[in-house]
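K.L.:
For reference, the sequence and a predicted model appear below.
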2 protein chains.
Amino acid sequence: MTSNLLASQVTFAQESYLRPVPFTQVNIDDVFWKPRIDKNRLHTLPHSYHLLQTTGRLAAFRLDWEPGKGGEPHIFWDSDVAKWLEAASYSLANVPDTELEAQVDEAIALITSAQQPDGYLNPHFTIVEPEMRWKNLRDNHELYGAGHMIEAAVAHFQTTGKRTLLDAMCRYADHIAATFGTGPGQLRGYDGHQEIELALVKLYEVTGEKRYLQVAAYFVNERGRSPHYFDEEAVRRGDNPRDFQHQTYEYNQSHVPVREQKEVVGHAVRAMYLYSAMIDLARETGDGTLLEACHTLWDHLCRTRMYVTGGIGTSRHNEGFTADYDLPNETAYAETCAAIGLVMWSQRMLRLDCDSRYADVMEHALYNGVISGVSQDGTLFFYENPLASTGQHHRQPWYDVSCCPTNIVRLLPSLGQYIYATNKETLAVHLYIQSEARVYVGEQELTLRQQTNYPWEGAIALRLQMNAPTAFRLKLRIPGWSRQSTIKVNGEDIDLNACLEQGYATIGRVWNDGDEIQLDFAMPVERVYAHPAISFDVGRVALQRGPLIYCLESADNPGALENMFLPMDAEIEASYDPQFLGGAVIIQGKALRYEEDDWAGQLYRTTPPHPVSHTMRAIPYYLWDNREPGELRVWLKSC
Amino acid sequence: MTSNLLASQVTFAQESYLRPVPFTQVNIDDVFWKPRIDKNRLHTLPHSYHLLQTTGRLAAFRLDWEPGKGGEPHIFWDSDVAKWLEAASYSLANVPDTELEAQVDEAIALITSAQQPDGYLNPHFTIVEPEMRWKNLRDNHELYGAGHMIEAAVAHFQTTGKRTLLDAMCRYADHIAATFGTGPGQLRGYDGHQEIELALVKLYEVTGEKRYLQVAAYFVNERGRSPHYFDEEAVRRGDNPRDFQHQTYEYNQSHVPVREQKEVVGHAVRAMYLYSAMIDLARETGDGTLLEACHTLWDHLCRTRMYVTGGIGTSRHNEGFTADYDLPNETAYAETCAAIGLVMWSQRMLRLDCDSRYADVMEHALYNGVISGVSQDGTLFFYENPLASTGQHHRQPWYDVSCCPTNIVRLLPSLGQYIYATNKETLAVHLYIQSEARVYVGEQELTLRQQTNYPWEGAIALRLQMNAPTAFRLKLRIPGWSRQSTIKVNGEDIDLNACLEQGYATIGRVWNDGDEIQLDFAMPVERVYAHPAISFDVGRVALQRGPLIYCLESADNPGALENMFLPMDAEIEASYDPQFLGGAVIIQGKALRYEEDDWAGQLYRTTPPHPVSHTMRAIPYYLWDNREPGELRVWLKSC
């Protein structure tokens, strides 16, 4: 932890919304996340840096590429560098590292050296296609790259106090603010891949400069208006707008103005980044119409278009949404970045509305569809996270479009920001992760120690430390998956029904130094059923324990997984196996499979197949594909 | 019916194998096939002719195409013309038609005018790429086109007595015989798409010229030898053999010599045409090694790689076989031509071995995977015949590669040849189709009248007419699907167990004019189960009644078909609906579906979904996609 306070804490101390406690104030030391954060720092960060170097992504900022020379800088290579910088900055805040800090400083020096006199900064459109600058916002990702570099600059400043990148990005943001807008001579455009909007809100929060918030609002408000900017710029380029590869502007959520959007559509990552910016603006500007749009979109997503793993986005074709209940398992796209985007959106929804439905989704995505994206050793990554596989789908060290690895890399070291939130009279606990947090409730500084073996066990102990007794409301999330919960304060039972507010046990009192709270969530294995309109899952069951969705892999279950049935009444047992991939709770039960030996060469027959008993072994979904290749199934046949 | 006797009947009267009674001797007048044969004649034949004209397939034989002119003759356009000619010839034998006969004569005049002085005949390699003649047997289909034209010539001669095309094709066959072989200066090649082999056997049968049989045998024996001819010719062309699009010579069954082939692999139509030629040669040459190879391949196909509809070939990629038990439903390729090829192979297996397992497969493919290939009105065709669909798969009027429509067109008017077979002491009934056949058993001519309402009812009456009492064995196939069969001769019960030989009730006696045989096969609806290694069908059931596989369509079953379960003990009833698409037996029963109304916006929950009763309605598979678009399912969930 460093001593840098977030500017936002100072600037916005008066707001009544809950502010996340920054990860720099939270020290995670649990059994589940700490090893992942360490691996991320020790393996994934260096691995990513190595690939930024060897693929030419860093060198692109030298601007010495020439036609005919290999390694032409790609249009959004800058975003990978930016996300690594953001991740490295977070990591430096957690654990000082002079070598990493030198790499960061060197990279920033290189990046800022590539900035043009007017503030513009994108290697591809500086040296490869300079004539195309801002000419194809629909496809070219310039504002997307700018957004990620701004996020990196904010992170770098917040965690190191250094302004080098921040100042450069303010110049870039000023250039963007001058270029885009409704004024004379300005382009009335917006980005094809949203990201700049939420980044500008962050820049506003850290600098206090309102103009950045205004540009973010301009981008969000302008989106989807008629006549359509992407049509107009296509005509200006001499292109036929109808030739747009994805045919529909639902692809990038610009088919109608954002406040008229009622359904989550198109590219899932773009959607999540847009909705995150919408709720940011709702919070910062008090715009209730944006909040209402977010509520509608949230409900639509959660009611019709989300995988049971928290993965979102069905189709490889548009990397996104298709139709209600269209959630095939084997071809599920469920991009790692989209699940991370859902975590980002959920956290922002929680800031306005401390409702556990947001925290439930955030937790669910984190423990399932997000961390499935990285291997146990931290050097292999999924882009797609299917829920079934015949054994051909495996994590890769890197991708040509490598958004997912760098998104994981930046998420893990900043995980602390998702656990706690405060305002002047409230301390909320959203996630149960063993940690120690230094928080301010109003003016009062206090320390919250959380001890737990979550997600393997449902018992959590909280202990408060403070200089003086303080009155505030402690809000403790009761997970949506929990059906039997108890809370004790200093050993005394609390009546949960009496204090439940939007899924949070809310205990308002004068708290004293040394107060202890015990939470206990029963964690039986649950059978989960899908809405019957999800045709792929009809007659099937998924297994869940606590926040974790389970899966079957061939490594534990010989024979075809599709020839396995879990009877409705089969007993299922959970037990912790300390040897299993760093330790995990494994589920076992008696399943059935059809005998293959009594078919006597027949391929079809009129006698029903003969079921035989079989021990099924399920592991947490996030752990799949860490052993020998084989089949995967989340949804098991039931009978 | 015409009076043309098959030359084969004369030439091979001594053989002990069963000979199919030619369709020209069989008059079909049943409720099921007659309307299809009529539609084929009245709609499909003219439809095909129209498309041969409008697509340029016929005009290609004018040889007046020039570079830059549209409508470049495709390498195997000739095969579509040939199959239409074959079909038209069959149809003329059934029903004289002066207009059709004129079209045929005109087409033959045009075709023969395109024949080169050396006998060669393929428009593409005569005018578009003459330098490529016989240079790429692997890909270019020249021998395939030649084979179909030879089949057309044989059909035209057999049904009209005219030798125009037959003589031309003998010249072509002589050119082929001179070009290919093991002699000095000959090419040791063989065709990439098998067809020529079985055609040359037919040409041998009709002309009695042994050299055609020898060339057929050469092609079959040479196939798959090392060094590989397709490699050698590729090198001669300057191509890298490794660049072969399909990578493996399993694709065209030339990976090893045919007698070493133990598994059905590769392109399914090529496989069927090859196996048909292999068994032809086994019969005509007495080569037991070819028969043994066919037995092995037959068992492999039927035990591991055939759809329950009789469709074969899983993958669009190779239009063929993949792995054992890999029989997905929605992506099933199951090409119409492949099912027709299976009928061809089955019939040839039956000639050597009157075993009902061959007739069962032949019947099953005919009533399901073959006739599903054409719409009820005879003008729309399936290339692929999947067993499940979300509603996007529909028959088309024609295809760029239009092998399937013309294969259907030639099958239907010659259907009579599959029903009966004879040798000097046997008359076998393979199929139950109402018809009258004039047959020779040895020297004795007799008429067999078959009356039945098959496949809707299992009762069949046979009546013999002859000039004098005759001793022979009557072999009556007991269908594999029948579990309760009775036979009466002149009203007296026959003990089936005592007379069953390889699935045929075999009744040897002196038969008299007016003898009557009654067959009765109980036809309850049967539940069919798939081998558990077919993962796609585990926990599912198909419905069969008599030879017909049934399916569910949205048109009869509102709601998602995947949300429907047929309980193991649900009663199922069959009833004839004379109004339904020309009359058909429909199956109804009580199924279950999960209630969608009680989910209150939840997408997943831990309470099992609530099943409600629902009337299921199934129709014969071959009738699907004749009404409004919608879902299709052959394999229903069972519980």
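P.N.:
Received the coordinates, thanks.

K.L.:
would you list every one of the helices in the stretch 1-150 of chain A?
P.N.:
With helices called from DSSP state H, counting those that start in this stretch, the stretch 1-150 of chain A shows them at A:7-11, A:33-39, A:45-54, A:77-94, A:98-113, A:123, A:137-140, A:142-160.

K.L.:
Adding mean neighbour count and mean pLDDT as columns, could you present those in TSV?
P.N.:
For glycine as for every other residue, the C-beta is placed from the backbone atoms N, C-alpha and C. Below are those laid out as TSV (neighbours: other Cβ atoms under 10 Å in any protein chain shown; pLDDT from 0 to 100):
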stretch	mean neighbour count	mean pLDDT
helix A:7-11	15	35
helix A:33-39	19	96
helix A:45-54	19	95
helix A:77-94	26	97
helix A:98-113	16	97
helix A:123	25	97
helix A:137-140	22	98
helix A:142-160	27	98
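
K.L.:
of all those, which lies closest to A:Leu352?
P.N.:
With distances scored as Cβ to Cβ, the stretch of these nearest to A:Leu352 is helix A:7-11 (15.3 Å).

K.L.:
Nearest to chain B, out of the helices of the stretch 1-150 of chain A?
P.N.:
helix A:33-39 (24.7 Å; Cβ to the nearest Cβ).

K.L.:
And for that closest one, what's in contact with it?
P.N.:
With contacts defined as Cβ atoms under 8 Å, 6 or more residues apart in numbering or on different chains, helix A:33-39 is touched by A:28, A:94, A:371, A:374, A:376-378, A:412-413, A:415, A:433-434, A:582.

K.L.:
which SS state does A:Gln465 fall under?
P.N.:
strand (DSSP: H, G, I helix; E, B strand; the rest coil).

K.L.:
For the residue of the stretch 1-150 of chain A found nearest chain B, which non-adjacent residue is closest in space?
P.N.:
Scanning the stretch 1-150 of chain A for the residue nearest chain B gives A:Phe32, at 22.9 Å (criterion: Cβ to the nearest Cβ). Among residues not flanking A:Phe32 along the chain, A:Pro455 sits closest, at 6.2 Å (Cβ to Cβ, 6 or more residues apart in numbering or on different chains).

K.L.:
tell me the pLDDT at A:Ile639?
P.N.:
Residue A:639: Cys, not Ile. According to the prediction, A:Cys639 has pLDDT 83.

K.L.:
Show the contacting residues for it.
P.N.:
So, once contact is read as Cβ under 8 Å, 6+ apart, A:Cys639 ends up touching A:539, A:565-568, A:592, B:539, B:639.

K.L.:
ok, now with 10 Å
P.N.:
A:539, A:541, A:565-568, A:570, A:591-592, A:611, B:539, B:638-639 (Cβ atoms under 10 Å, 6 or more residues apart in numbering or on different chains).

K.L.:
and the two most separated of those residues?
P.N.:
Top of the distance list for the contacts of A:Cys639 (Cβ to Cβ): A:Ala570 and B:Ser638, 18.6 Å.

K.L.:
Who has more neighbours out of the two?
P.N.:
Set side by side, A:Ala570 and B:Ser638 show more neighbours around B:Ser638, with 20 against 16, by other Cβ atoms under 10 Å in any protein chain shown.

K.L.:
Bridged to the more buried one, which residues?
P.N.:
B:Leu566 (DSSP bridges).

K.L.:
any idea how far it lies from B:Leu592?
P.N.:
B:Ser638 sits 10 Å away from B:Leu592, going by Cβ to Cβ, to the nearest Å.

K.L.:
Then A:Arg473?
P.N.:
A:Arg473 is 49 Å from B:Leu592, by Cβ to Cβ.

K.L.:
What ranges does the stretch 151-300 of chain A have for its helices?
P.N.:
A:164-179, A:196-207, A:210-222, A:229-237, A:268-285, A:288-304.

K.L.:
Other residues contacting the fourth one?
P.N.:
In this case it means helix A:229-237. With Cβ under 10 Å, 6+ apart, helix A:229-237 has contacts from A:132, A:134-139, A:180, A:187-190, A:192, A:222-224, A:227-228, A:239-244, A:249, A:252, A:254.

K.L.:
Buried members of those residues into PyMOL, please.
P.N.:
Per 16 or more other Cβ atoms under 10 Å in any protein chain shown, the buried members of those correspond to this PyMOL selection:
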select buried, chain A and resi 134+135+136+137+138+139+180+189+190+192+222+223+224+244+249+252+254
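
K.L.:
right, and A:Val525 touches A:Pro620 too?
P.N.:
No: counting by Cβ atoms under 10 Å, A:Val525 sits too far from A:Pro620 to count as a contact (11.8 Å).

K.L.:
Spit out the residues that contact these two alike.
P.N.:
Joint contacts of A:Val525 and A:Pro620 (Cβ under 10 Å, 6+ apart) are A:543-546, A:550, A:585, A:587.

K.L.:
Next one: the nearest residue to A:Ser113 once chain neighbours are set aside from A:Pro73, what distance?
P.N.:
Nearest residue to A:Ser113, sequence neighbours excluded (Cβ to Cβ, 6+ apart): A:Phe61, at 7.0 Å. Note on A:Phe61: its distance to A:Pro73, by Cβ to Cβ, is 8 Å.

K.L.:
Give the residues shared as contacts by those two.
P.N.:
A:114, A:122-123, A:126.

K.L.:
Among the residues you listed, which one has the most neighbours?
P.N.:
Going by other Cβ under 10 Å, A:Asn122 tops the shared contacts of A:Phe61 and A:Pro73 with 32 neighbours.
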